[in-house]
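> how does the following fold in three dimensions:
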Amino acid sequence: MEKLLIPYAEMKETLSRILLRYGFTPEKAEKCAAVFAESSLDGVYSHGANRFPRFIRYIQKGYVLPDAEPSLIHRFGMMEQWNGHLGPGPLNAFNAADRAMELAGEYGMGLVALANTNHWMRGGTYGWYAARKGFFFLGWTNTTPNMPAWGGKDPRLGNNPFVMAVPYGDSALVLDMALSQYSFGKMEDKQLSGEKLPTPGGYDREGNLTDDPGKILESWRSLPVGYWKGAAFSFMLDVFAALLSGGLSTAAIGKMADEIGVSQVFIAIDPSKLSSFPSMKQNTDAIVEDLKKSVPVEEGVSVRYPGERAIKTREENLRNGIPVNKAVWEEILSL
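Numbers count the residues shown, from 1 in each chain. Predicted coordinates:
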């Protein structure tokens, strides 16, 4: 599959210009375009440029409302419930992350539960964002049903991406993981490139374990991480997101026209409020240094901490340009 190398600034400007045509203000267009462009910059192509045409289709269908603004529904101490009013998922998520950090600055910890919102694209975006501001961060979203419960055949669970982030030097430690072995965006990316998955990621229609992403996308029988443990974790993340926000559960989202109206949770912690804050940098460095002393399975390939690959990919793509499937870029330009 032919690839183009697009400079980051050009990609961001192109996406922003397109969003202006679909009712975004200049400020919202630039901020939303940056989410897509930075995801591709960091190597998460499935939730970057590759996802942008679908985002525009959702706007055209009225699923994503460019001019909608989130509103506060209820507050109790360090916890707040917000309604996203089907606004752009990334913009609603930034608002929730900012508010969680404001609450953490006041109380030491802040929790914002967001209902009636849309796909936040790369969940790690908000982990990087909070950690660079000096906060610990946890966040997750539920999704449409796209994964069977353990022992079941039909999709009843979401793959409910989960994010954890901690400041680390001038960067961060960031875990960004779907509860399926591979995110659906990653499988779509592999299918688009005509590649197989590195390891089996789900079942085909006949119930056979497969590394063919197309067959898994067709069956909607993705494999949960950790088998029954991942399935249970996904279920509980959905329960927490729906109940804390007062929004839709995965089961309820599955009855919608598409994956819209999802529920999300954003938790920020201000470590400066803790007695152990002065030693945190030293302790974090020691933990990472110990991990890096691991004896690698493959000679010459070191063990990475969560987020390390993104830092390296970001540097390479800033230097060389972001690789984009030619057909995807042409579709974007046609918008």
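
> the helix or strand where Asp238 lies packs against which elements?
Using DSSP states H and E, Asp238 sits within helix 228-245. Where contact means 3 or more Cβ pairs under 8 Å, 6 or more residues apart in numbering; DSSP states H and E, helix 228-245 is packed against strand 79-83, strand 109-117, strand 136-141, strand 147-148, strand 155-157, helix 250-253, strand 262-269. Glycine gets a C-beta too; all of them are placed from N, C-alpha and C.

> mind running it again at 10 Å?
On a contact count with 3 or more Cβ pairs under 10 Å, 6 or more residues apart in numbering; DSSP states H and E, helix 228-245 meets strand 79-83, strand 109-117, strand 136-141, strand 147-148, strand 155-157, strand 162-168, helix 250-253, strand 262-269.

> and the closest residue in space to His74 that isn't next to it in sequence, what does it touch?
What sits nearest to His74 in space, not counting adjacent residues and going by Cβ to Cβ, 6 or more residues apart in numbering, is Gln81, at 4.5 Å. Gln81 sits next to 72-75, 111-115, 244-247 when contact means Cβ atoms under 10 Å, 6 or more residues apart in numbering.

> point out the most buried one among the helices and strands packed on helix 228-245.
Most buried of those, by mean neighbour count (mean count of other Cβ atoms under 10 Å): strand 262-269, with a mean of 28.

> list phi and psi for Lys133.
Lys133 has phi and psi values of phi -90, psi 0 when expressed as degrees, to the nearest 10.

> next up, identify which helix or strand the residue nearest to it when sequence neighbours are not counted is on.
Sequence neighbours aside, Met101 is the residue nearest to Lys133 in space, at 6.4 Å (criterion: Cβ to Cβ, 6+ apart). Using DSSP H and E, Met101 sits within helix 89-107.

> kindly format the C-alpha coordinates of that helix as PDB.
Provided in PDB are the C-alpha atoms of helix 89-107 (Å, rounded to 0.1, in the frame of the first residue of the first chain):
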ATOM      1  CA  GLY A  89     -15.500  14.000  21.500                       C
ATOM      2  CA  PRO A  90     -12.000  15.400  21.700                       C
ATOM      3  CA  LEU A  91     -13.100  18.900  22.700                       C
ATOM      4  CA  ASN A  92     -15.500  17.500  25.400                       C
ATOM      5  CA  ALA A  93     -12.600  15.400  26.700                       C
ATOM      6  CA  PHE A  94     -10.200  18.300  26.900                       C
ATOM      7  CA  ASN A  95     -12.900  20.200  28.800                       C
ATOM      8  CA  ALA A  96     -13.400  17.300  31.200                       C
ATOM      9  CA  ALA A  97      -9.600  16.800  31.700                       C
ATOM     10  CA  ASP A  98      -9.100  20.500  32.400                       C
ATOM     11  CA  ARG A  99     -12.000  20.500  34.900                       C
ATOM     12  CA  ALA A 100     -10.600  17.400  36.700                       C
ATOM     13  CA  MET A 101      -7.200  19.100  37.000                       C
ATOM     14  CA  GLU A 102      -8.900  22.300  38.400                       C
ATOM     15  CA  LEU A 103     -10.700  20.200  41.000                       C
ATOM     16  CA  ALA A 104      -7.500  18.300  41.800                       C
ATOM     17  CA  GLY A 105      -5.700  21.700  42.400                       C
ATOM     18  CA  GLU A 106      -8.400  22.500  44.900                       C
ATOM     19  CA  TYR A 107      -9.000  19.100  46.600                       C
END
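
> between strand 79-83 and it, find me the angle.
Using axes from the mean of the first three to the mean of the last three Cα atoms, to 10 degrees, the direction of helix 89-107 lies 160 degrees away from that of strand 79-83.

> just how off-centre is helix 89-107 within its chain?
Distance of helix 89-107 from the chain centroid (Cα atoms, centre = their mean, to the nearest Å) equals 16 Å.

> other SSEs contacting it?
helix 26-41, helix 52-60, strand 71-76, strand 79-83, strand 109-117, helix 124-132, strand 136-141, strand 262-269.

> between the ones you listed, which gets nearest to Lys293?
Of all the helices and strands packed on helix 89-107, helix 124-132 sits nearest to Lys293, with 23.6 Å by Cβ to Cβ.

> now do the buried residues in the closest one.
Gly124, Thr125, Tyr126, Gly127, Trp128, Tyr129, Ala130, Ala131 (16 or more other Cβ atoms under 10 Å).

> the second one touches Ala37, doesn't it?
No. With contact taken as Cβ atoms under 10 Å, Thr125 and Ala37 are classed as non-touching, separated by 11.1 Å.
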